[in-house]
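Enquirer: Here is my input; please provide its structure:
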Amino acid sequence: MRGDVGQKSIALHREKRGKLGTSVRVDCASSEGLSLAYTPGVAAVCREISQAPDAAYDLTLKWNSVAVLSDGSRVLGLGNIGPHAAIPVMEGKAALFKSYGAIDAWPLCLSCHSVDEIVAVAKAVAPVFGGINLEDIESPKCFEIEDRLKEELDIPVFHDDQHGTGVVALAGLLNSLLLVGKKKKQAKIVIGGAGAAGFGITKMLIEDDFENIVVCDSKGILHGNGNHSPYKRELAAMTNRDGQQGTLADALKGADAFIGASAPNALAAEHVKSMAGSPIVFTLSNPVPEIDPAVAKKAGAAIVGTARSDFPNQINNVLGFPGIFRGALLVRATQITEGMKVAAAHALAGVLSEAELSKEMVLPYPFDRRVVPAVSIAVASAAIKDGVARHKMAESGMEEELRSLGLL
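Expert: Numbering: from 1, shown residues only. Predicted coordinates for the structure are as follows:
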């Protein structure tokens, strides 16, 4: 971690005593205001919703609310630090939802850890929310939790460690390949790490027609004959078309790109030197990357990206999830489809003009005000196309809504 940023962050959190609070949007401080916001007037609102449950989107905060839900079992690169220690990250995530997407989000850090318990809690609180962002839940249980909630709820459930990472990595890779003059169908992509992020990245690349992908876990290359867990067998079946076996070092020989979602210092300069000409290196372990960006550049990497904001080319989920959920909420989507994710990635990749694009900037900065509108409109349009939108609207209507929220 650079300099004293950690100590400065502690000082900030101590001074502010957290990053979130609530705000009241109506008058409760007068007799009339109280009677309309609460009793007796609110009874009429309750009756309205009881007769037509979807009216909750028009009459309550549900239209613009997201739960950021975690059990603290896989927080950043810190591991299983528990729900109390996870609060700063989930609170921060909620702050980013509000700051970038104008979405009201609540951190829900759970003291339960089993799949059944987490699913039960999520289902119990779902009526309040227009979407659920699953966060920092260890694999493989994160996969089962998401699958079950997607099946059992009628609001978007999105595991950001998988899909947000996949969307932003795909966007960065598309622009990077463009800069180095390589085609996605010919490029060999090595994914370092077969956890939630590695799984999500791989599935996103396949969804966008990448054909030559090799995934490595801590033991080496995933392949069809390996003794892998069920979800790693699924990864192996989708990748490694040549049946390659061996270590990460073997996989990287002649590779065009490495996307790391594994562990600090997992990549060495020798690995980068063994890659094809003008290699792309995305080292996304956070806060400590798989290789120091300066070392990767010195070893010959043409483009280096990290998940951190203090290096060039930030390949971070903050570029994805605010716009993805904003788009889903715009049209009251019942889920987030693969088509919506691919649309988000291509919209994000297209934010920068040809003149702005460079090897030091393959994606826009997170605070670029073009990002959320571009991503959200693409996602909302894809939701309508995929038939998961409760509320259909023209692009002009989406723009008007975004403008009313201060996002355009």
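Enquirer: domain parsing for this protein?
Expert: According to automatic domain parsing, the chain is divided into the following domains: 10-155, 161-408.
Enquirer: and Gly3, what pLDDT?
Expert: pLDDT, Gly3: 57.
Enquirer: ditto for the one 3 residues further on
Expert: Reading off the confidence values, Gly6 has pLDDT 86.
Enquirer: Please apply the same query to Gly77.
Expert: Per the predicted model, pLDDT is 74 at Gly77.
Enquirer: partner residues bridging Ile189?
Expert: Ile213, Ala257 (DSSP bridges).
Enquirer: Make JSON lines from the domains of the chain and add distance to Asp4 and mean neighbour count to it.
Expert: From N, CA and C alone the C-beta is placed, and that goes for glycine too. Formatted as JSON lines, the domains of the chain follow (distance: least, CB to CB, whole Å; neighbours: other CB atoms under 10 Å):
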{"stretch": "domain 10-155", "distance to Asp4": "9", "mean neighbour count": "16"}
{"stretch": "domain 161-408", "distance to Asp4": "12", "mean neighbour count": "20"}
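Enquirer: could you pull out the strands for the chain?
Expert: Here the chain has its strands, by DSSP state E, at 65-70, 104-109, 131-134, 157-159, 188-192, 212-217, 220-221, 257-260, 280-283, 303-306.
Enquirer: what residue ranges in the protein score low on pLDDT?
Expert: For the chain, the stretches with pLDDT under 70 are 1-3.
Enquirer: how does it look with 50?
Expert: 1 (pLDDT under 50).
Enquirer: how close does the residue minimising distance to the centre of it get to Ala276?
Expert: For the chain, Gly164 is the residue whose C-alpha lies nearest the centre (CA atoms, centre = their mean; 2.0 Å). Taking CB to CB, to the nearest Å as the measure, Gly164 falls 28 Å from Ala276.
Enquirer: what do you get for His391?
Expert: Distance, His391 to Ala276, by CB to CB: 47 Å.
Enquirer: now the helices for the stretch 1-150 of the chain?
Expert: Counting by DSSP state H, counting those that start in this stretch, the stretch 1-150 of the chain has helices at residues 5-16, 31-37, 42-51, 56-59, 82-101, 115-125, 141-152.
Enquirer: can you pull out the helices in the stretch 251-400 of the chain?
Expert: For the stretch 251-400 of the chain, helices defined by DSSP H, counting those that start in this stretch occupy the ranges 269-273, 293-298, 321-330, 338-349, 371-385, 395-404.
Enquirer: just so I know, which of the ones you listed lies nearest Ala120?
Expert: Of all the helices of the stretch 251-400 of the chain, it is helix 321-330 that lies closest to Ala120, at 23.1 Å by CB to CB.
Enquirer: Who are the packing partners of the closest one?
Expert: The contact analysis (3 or more CB pairs under 8 Å, 6 or more residues apart in numbering; DSSP states H and E) places helix 321-330 against helix 82-101, strand 131-134, strand 157-159, helix 160-180, helix 338-349, helix 371-385, helix 395-404.
Enquirer: Give me the sheet partners of the shortest one and which way each runs.
Expert: This points to strand 157-159. Each strand paired with strand 157-159, and its direction, by DSSP bridges: strand 131-134 (parallel).
Enquirer: can you list contacts of the partner strand?
Expert: 65-70, 93, 97, 105, 122, 126, 142, 145-146, 149, 153, 155-161, 321, 325, 328-329 (CB atoms under 8 Å, 6 or more residues apart in numbering).
Enquirer: I'd like the distance from it to the chain centre, please.
Expert: Relative to the chain's own centre, strand 131-134 is displaced by 11 Å; criterion: CA atoms, centre = their mean, to the nearest Å.
Enquirer: for stretch 317-337, same thing?
Expert: Stretch 317-337 sits 10 Å away from the centroid of its parent chain (CA atoms, centre = their mean).
Enquirer: gap between the two ends of it?
Expert: End-to-end span of stretch 317-337 (CA to CA, to the nearest Å): 17 Å.
Enquirer: Isn't Ala382 up against Glu338?
Expert: No - between Ala382 and Glu338 there is no contact under CB atoms under 8 Å: 9.4 Å.
Enquirer: that older thread, got the strands of the chain as TSV, with distance to Lys8 columns?
Expert: Output for the strands of the chain, formatted as TSV (distance: least, CB to CB, whole Å):
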stretch	distance to Lys8
strand 65-70	24
strand 104-109	22
strand 131-134	27
strand 157-159	30
strand 188-192	30
strand 212-217	35
strand 220-221	40
strand 257-260	27
strand 280-283	24
strand 303-306	20
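Enquirer: For Glu400, which of these is the nearest?
Expert: Taking these one by one with CB to CB, strand 104-109 is closest: 20.1 Å.
Enquirer: now the closest one against strand 65-70, angle please.
Expert: Using axes from the mean of the first three to the mean of the last three CA atoms, to 10 degrees, the inter-axis angle of strand 104-109 relative to strand 65-70 is 20 degrees.
Enquirer: Does anything pack onto strand 104-109? Which helices or strands?
Expert: Secondary elements touching strand 104-109 (3+ CB pairs under 8 Å, 6+ apart): strand 65-70, helix 82-101.
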